[in-house]
Structures are given as structure tokens and as C-alpha cells.
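1. From the sequence below, what's the structure:
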Amino acid sequence: MRDFSLALQDRIDIIIQNWIEAVRSDDQLETAKELTYNGVRDSVPMVLQAIVTMLSQSQESDIRTLVEKSLEHGTLRAKQGYDAEEIAREYRLLRWVIFEALEPELFKASAREVSRAYRLIDTALDEVIAKCFQTFTQERFQELKDLQHQLQLTNQELTRLVRANQENLSHLAHELKTPLTSIIGYSDLFLRQQQNYSEIKGSVPNIGHIDRVLNSGRLLLRLINDTLEISRYEAGQIKLQLTAISLPDVVATVVEIIEPLAKAKGLEIAVECHLSDDKVVTDCLRLQQIITNLVSNAIRYTTAGTVTIKSELLPDKYWTVTVSDTGIGIAPEDCDRIFQPYFRADNSLSSGIPDSTGLGLAIVARLVKLLQGKIELVSEVGVGSSFTVIFPLELDGV
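-> Reported below is the predicted structural model:
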């Protein structure tokens, strides 16, 4: 019986060299390209030496060495960043290089001898691959456990920081509101006195500056209030007060509050409420806030025409409120981002429109979600926009 162990022993160095060249030239083995020569070689010489022992007819099989080295190899490959497919591909290349190196000897051997050599080499490599994958998987699993533990610690720290940030923001906002309210009050009082006493008119050269202070103060106060509203939502501090409401009454209240803004711009507010005979269970204050923000937004970006508030009952116990306008519209690429805090669409048609806080629609989106609804937007630049809010008649789990 021909002994192939000597042929393999003589060719170990060339096999390793050819194998490393094959590995590094393989486009699908990206990780290997980042390793040194020794890093790629790893324990392959010991694996080949163990296979030599198995092929030898004069020595016992050295399965234990194969197992030990393959266990080491799998752990190392996991730490080096290999994935499972790369490991399997490396061993396929090793198998091919081994048989290529032994090819001259195999041609001289009998069929029985060739069969024995193939069987022993395949058995050895299969054992190596199996054990290698075992430790590779164990190492990966341990990495995932460590990562999960680290993520838990990170999440706890982030939760603490977010909570502290929300508390600081809330405290700061409340501290700002007190002097800001005084500034707005005194500025408004000063302007009213100027309007009531004609002899004062024209005697104060900076009266226009006071007016700008008042407007800026009101905008800043609205920004603070909106920021607090977002903060309360993110902290889960908004508690719903569910009651059966009359939707036409809620819409009428909103129109009564907001109509002076529309008249100041020469706009008409049209109401089409088809839920007059149906009672809806929801949070009246939050629903009023949603409709108010949508209508205010429509008025802000509409220079002529009509703002329409429409409600109707849908099948399967749902109802809707739609606020439509004939304003400047929203570009398609901005429709998905319009509900993000502080986002403002870059629209040349909006020049001359007073600045907003950029939080109105963000608050709407969050309140709609809190009321288990969803919001849909249809808009065309230069034509107008339509915001439709869809709610269930009864809220689940509240």
C-alpha cells in the first residue's frame, strides 16, 4: 500500500503558500485581505501535519490534534471577523490545493490507494470544519451576549440622560416663560398706550422696534410651549381624558378661535361636518389642538381662497377630519419630512410668510398617534394641501 504521508510532508510549505495565495486572490474572502501572512496561515501547518499522521501507515491517526487545532482555528477566525461562508470557502480552497499538490503521486497509485487517500483527507478536513464551526459559533454567540449586555447598559444610560435632559429642558422652559411673559405684557401695554393717546404718536422714534419685540416675544413663547409639548409626549407624560364629544361643537370652537386670523388674510373657512348625529369618544382637548394646528398651518400658507374643515364617518368604526387649503402646497420630497420637529420646507413660494416654530405639524403627528389614529397628506405645489386624520370611534386599551 502506497504511503502518501511522505509526499504530503514534503509539500506542506508549498501547499501553505499556494493556499494563502488562493485565499488572498479570492474576491469573496474580503476579511483575509486585511490580515497578515501569519494571520491567514494560523494553525493550517498543524492541521496538515495531523493529516500527514493520518495518512501514515506506520502511525496511529491523530484525530485529537486535528480537533484541538480546529477548535483554536474557529475561535481565532471569529475574532478576526470572518463570517461562516468565508470559513467554508477557505477550507474548500485548502482541499483543492492539497489534492493538486498530491496529484503526481495519485496518478501513480492504484484505485484502492487513491480511494484511501481521498477518504482520509476528506475525513480529516470534514472533522476540522465541523469543530471549527462549533467554536466559531460559540465565539459569535458569546460576542452577541456581550454586545447585548453592553447595549442594555448603554440603553439604561441613554434613558437616564434623556430623562435628565427632558427635566432640564422643562425647567429651563418654565424659567424662560416668566420673564418672557412680562416682556410681552409690558410691550403690549406700551403699544396700547401709544394707540390710545394720539399725542404720543410719532414722539417715540423706536416704536417700531417695540412692535418687533412684541412679535418676536410671542413667537418665542409659542416655540417654548411647543417644545414643552413635544418633550411631554416623548417622556410619556401626556395623559388622555376620554369623553364622548360632539364633533361639530369641537369644530365650531376651533373656528371661533381661529377665524380672526383667516379674516385678516381675506380667507374663508368652510365647514362640512357629517357627524352631527354621532358621538365620538376621544380626548376633546387634544382633538381640538390637532384641528387648531392643522387649520392654523393652512391659514399661514394660504394667501387666497378657502380653508375647508370636513369630517365624515367611515366603515368599520372609523371617522375622519380633513383640513384642506388652496395654499402654496408642499413639494413631494418634503411630504415625508413635514412632520419632523423644526423641519421647514424649502419653498420659494413661502417667501414673505411669517416664520413658524416648525413644531405645529410635529405635535399633530404625535397627538394623532397618541389617539391611535393616522394622518395622510396629499399636496401639490401651487394648488394646495389636504391633511386627513383618521381615528377609531373607540380607543383600544385606554
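
2. and the nearest residue to Glu376 once chain neighbours are set aside, helix, strand or coil?
-> Nearest residue to Glu376, sequence neighbours excluded (CB to CB, 6 or more residues apart in numbering): Thr388, at 4.6 Å. The way it works is simple: take the backbone N, C-alpha and C, and place the C-beta from them, glycine included. Look at Thr388: counting by DSSP: H, G, I helix; E, B strand; the rest coil, its state is strand.

3. For Thr388, name its beta-bridge partners.
-> Following DSSP bridges, Thr388 is listed with bridge partners Thr322, Glu376.

4. In terms of secondary structure, what does the lengthiest helix in the chain contact?
-> Looking across the chain with DSSP state H, the single longest helix is helix 111-196. Using 3 or more CB pairs under 8 Å, 6 or more residues apart in numbering; DSSP states H and E, the elements in contact with helix 111-196 are helix 44-55, helix 63-80, helix 84-108, helix 207-234.

5. Verify the contact between the residue nearest to Glu376 and Trp319 for me.
-> No: if you go by CB atoms under 8 Å, Thr388 and Trp319 don't touch, sitting 11.0 Å apart.

6. the more surrounded of those two?
-> The residue with more neighbours, out of Thr388 and Trp319, is Trp319; 20 against 16, by other CB atoms under 10 Å.

7. Skip the chain neighbours and tell me the closest residue to the more buried one.
-> Leu313 (5.1 Å).

8. Check the nearest residue to Ser56 once chain neighbours are set aside and give its pLDDT.
-> Nearest residue to Ser56, sequence neighbours excluded (CB to CB, 6+ apart): Ser5, at 3.9 Å. Note on Ser5: pLDDT of 83.

9. Arg212 too?
-> On the pLDDT scale, Arg212 gets 69.

10. again with the one 4 residues further on
-> Ser216 carries a pLDDT value of 68.

11. And the contacts of the helix or strand containing the residue nearest to Trp319?
-> In this structure, Leu313 sits in strand 306-314 according to DSSP states H and E. The list of residues contacting strand 306-314 from outside it, by CB atoms under 8 Å, 6 or more residues apart in numbering, reads 247, 251, 254-255, 262, 267-275, 278, 291, 295, 298-299, 319-326, 390.

12. Could I get the buried residue list for that strand?
-> Buried residues in strand 306-314, counted by 16 or more other CB atoms under 10 Å: 307-311.

13. Now pLDDT too, for those residues, in CSV please.
-> Below are those laid out as CSV (pLDDT from 0 to 100):
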residue, pLDDT
Val307, 94
Thr308, 94
Ile309, 94
Lys310, 93
Ser311, 91
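
14. Could you dump the residues you listed into JSON lines with distance to Leu120 added?
-> Output for the buried residues of strand 306-314, formatted as JSON lines (distance: CB to CB, whole Å):
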{"residue": "Val307", "distance to Leu120": "85"}
{"residue": "Thr308", "distance to Leu120": "84"}
{"residue": "Ile309", "distance to Leu120": "84"}
{"residue": "Lys310", "distance to Leu120": "82"}
{"residue": "Ser311", "distance to Leu120": "81"}
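
15. Farthest-apart pair in those, please.
-> Val307 and Ser311 (14.2 Å; CB to CB).

16. Following element in sequence after the helix or strand of the chain with the lowest mean pLDDT, please.
-> Every helix and strand of the chain was ranked by mean pLDDT, DSSP states H and E. The lowest is helix 207-234, at a mean of 69. Using DSSP H and E, the helix or strand that follows helix 207-234 in sequence is strand 242-246.

17. Which SSE is immediately downstream of that next one?
-> Next in line after strand 242-246, if elements are assigned by DSSP H and E, sits helix 247-264.

18. who touches that following helix?
-> 268-269, 271, 273, 275-276, 278, 280, 284, 287-288, 291-292, 295-296, 299, 307, 309, 311, 319, 321.

19. So among the residues you listed, which ones count as buried?
-> Buried, going by 16+ other CB under 10 Å: 269, 273, 275, 280, 284, 287-288, 291-292, 295-296, 299, 307, 309, 311, 319, 321, out of the contacts of helix 247-264.

20. In helices, which of those fall?
-> Per DSSP H, the buried ones among the contacts of helix 247-264 map to helices at 284, 287-288, 291-292, 295-296, 299.

21. Now do the residue lying closest to Arg95 once chain neighbours are set aside against Leu71, distance only.
-> Nearest residue to Arg95, sequence neighbours excluded (CB to CB, 6+ apart): Leu125, at 5.6 Å. Separation of Leu125 from Leu71 (CB to CB, to the nearest Å) stands at 15 Å.
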